[in-house]
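Engineer: return atomic coordinates for the entry below.
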Amino acid sequence: MHILLLIIGLLAALLILGCAYQFVATRRDRLRYASRGRWIEIGNRQSLFVVERGSGSTTVVFESGIAATHLNWCTIQEEVSQFGCAVGYDRCGLGWSSPARTERTPANVASELHRMLEGAHIYPPYVLVGHSFGGMVMRRFALLYPDQVAGVVLVDPMRCCEWPPINAGQQATLNRAIRWLRYAVPVAHIGLARLAVTSALCGSGFLARRMANAAGDGGRHVLGRVTGELAKMPGEIRPRIAAHWSRPDFYKGMRRHIQAVPETVVEMCNADPIERIPVLVLTPGQSTPLDDEEINRIGSNVKQVIAAESGHWVHLDQPDLVVQSIFEMVMAHDPQAVS
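Structural biologist: So this is what the prediction gives:
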């Protein structure tokens with residue numbers, strides 16, 4: 001009996017220490033890494049974290065993939081800031097922004113982005129740049145606020161036409177991800193997620209590999225993909241990403257995004273094409289190019305460019321191509337933007 005009580009006491013002490021470690025480390029991360037941006041109130045007791053670089057008559061706004069933050073665009077944003085105002089931000093539920101209070105559908109996210117731009121006094125015209133799920137957000141933004149949009153660059157946008165109707169296998173995949181993210185929340189609360197992601201992104205990776213092995217083939221596959229893509233990013237960015245992935249709110253926010261995938265698919269499959277506004281789609285060489293029907297669904301003035309050396313993360317594989325595409329879009333709208 002005494003041994004059992006001792007074990008329970010030790011476990012309780014470890015949990016308390018883990019929670020304290022997580023609390024202190026989160027406060028430290030916020031002070032250390034959030035100073036490069038600012039928070040903009042968008043109503044409903046929510047605020048979005050935004051990072052601005054450069055200046056110019058045309059504003060380039062970046063929207064990240066489904067689990068990514070403004071950090072995913074850091075290298076591109078710095079390059080773009082040399083010829084325009086470059087704006088990155090974190091969606092509600094991700095990064096340093098407030099938790100999400102609405103479904104994570106393109107229409108809701110685009111509306112929040114618009115309120116943030118207005119509140120921050122970041123003025124149009126906008127060149128919108130979106131990757132994967134972010135491409136759906138930027139398409140919706142262009143449909144909602146066409147008079148404010150000068151052009152759109154879609155970096156391997158999510159192909160909703162591949163989903164409907166969502167079949168049992170696809171739904172099972174979504175449910176599995178949602179379940180894992182639910183488990184991740186308490187793990188993050190006691191600091192274990194912080195230890196794992198810090199090991200994977202900023203250390204030897206030993207602890208991360210051990211935890212991935214414990215999760216089986218799925219865990220090893222996810223770790224391999226994540227570390228492979230993040231290896232393409234500057235080393236100084238990785239501690240900031242680790243800070244985001246260490247927080248319980250990250251896993252809650254990502255779960256909200258995954259839960260909204262079926263609604264996102266329906267919304268965008270029924271979306272009108274973008275009229276008149278020029279749209280450039282960057283398709284990875286590892287993917288099947290969009291056919292004419294898919295291009296026409298996107299808009300009436302769409303050009304597709306194949307990023308021959310890229311996988312899904314074109315902006316990490318061929319950043320120069322993405323920067324050049326944005327530059328050409330800015331110049332097409334305002335030839336005097338760069339003197």
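
Engineer: give me the most central residue, this structure.
Structural biologist: Residue closest to the mean C-alpha point of the chain, counted by Cα atoms, centre = their mean, is residue 68 at 2.5 Å.

Engineer: ok, it - contacts?
Structural biologist: Each residue near residue 68 by Cβ atoms under 8 Å, 6 or more residues apart in numbering is listed here: 94, 131, 134. (Each C-beta comes from the backbone N, C-alpha and C, glycine too.)

Engineer: residue 60 too?
Structural biologist: Per Cβ under 8 Å, 6+ apart, neighbours of residue 60: 80, 84-87, 126-127, 129, 326, 330.

Engineer: where's the dip in pLDDT among those residues?
Structural biologist: Least confident entry in these, by pLDDT: residue 84, with 92.

Engineer: correct me, but it touches residue 54?
Structural biologist: Yes. The pair residue 84 / residue 54 is scored as a contact, 5.9 Å apart, by Cβ atoms under 8 Å.

Engineer: who's more crowded, the two?
Structural biologist: Between residue 84 and residue 54, residue 84 has the larger neighbour count (other Cβ atoms under 10 Å), namely 24 against 17.

Engineer: for the residue nearest to that one when sequence neighbours are not counted, give its distance to residue 166.
Structural biologist: Excluding the flanking residues, the one nearest residue 84 by Cβ to Cβ, 6 or more residues apart in numbering is residue 56, at 3.9 Å. Using Cβ to Cβ, to the nearest Å, residue 56 is found at 42 Å from residue 166.

Engineer: in terms of neighbours, single out the busier of those two.
Structural biologist: residue 56 (17 against 14).

Engineer: what helix or strand does that one sit in?
Structural biologist: Using DSSP states H and E, residue 56 is not contained in any helix or strand.

Engineer: what of residue 306?
Structural biologist: Using DSSP H and E, residue 306 maps to strand 302-307.

Engineer: which residues touch residue 91?
Structural biologist: Residues counted as contacts of residue 91 (Cβ under 8 Å, 6+ apart) are 48, 63-64, 69, 97, 100, 104, 109, 112-113, 253.

Engineer: may I ask which of those has the most neighbours?
Structural biologist: Using other Cβ under 10 Å as the neighbour test, the contacts of residue 91 are led by residue 63, with 29 neighbours.

Engineer: quick check on that one: phi, psi?
Structural biologist: phi -130, psi 130 (degrees, to the nearest 10).

Engineer: correct me, but it touches residue 139?
Structural biologist: No. Using Cβ under 8 Å, residue 63 is not in contact with residue 139, being 10.0 Å away.

Engineer: now do the shared contacts for the two.
Structural biologist: Common neighbours of residue 63 and residue 139 (Cβ under 8 Å, 6+ apart) are residue 130.

Engineer: tell me the domain ranges of this protein?
Structural biologist: As assigned by automatic domain parsing, the chain contains the domains 34-164+271-333, 168-259.

Engineer: any idea which of the ones you listed is most buried?
Structural biologist: domain 34-164+271-333 (a mean of 20; mean count of other Cβ atoms under 10 Å).

Engineer: buried residues, stretch 13-29. List them.
Structural biologist: Neighbour counts using 16 or more other Cβ atoms under 10 Å place 18, 22, 25-26, 29 of stretch 13-29 among the buried residues.

Engineer: can you list the low-confidence ranges for the stretch 201-339 of the chain?
Structural biologist: 202-231, 336-339 (pLDDT under 70).

Engineer: go again with 80.
Structural biologist: Per-residue confidence for the stretch 201-339 of the chain (pLDDT under 80) gives these ranges: 201-235, 334-339.
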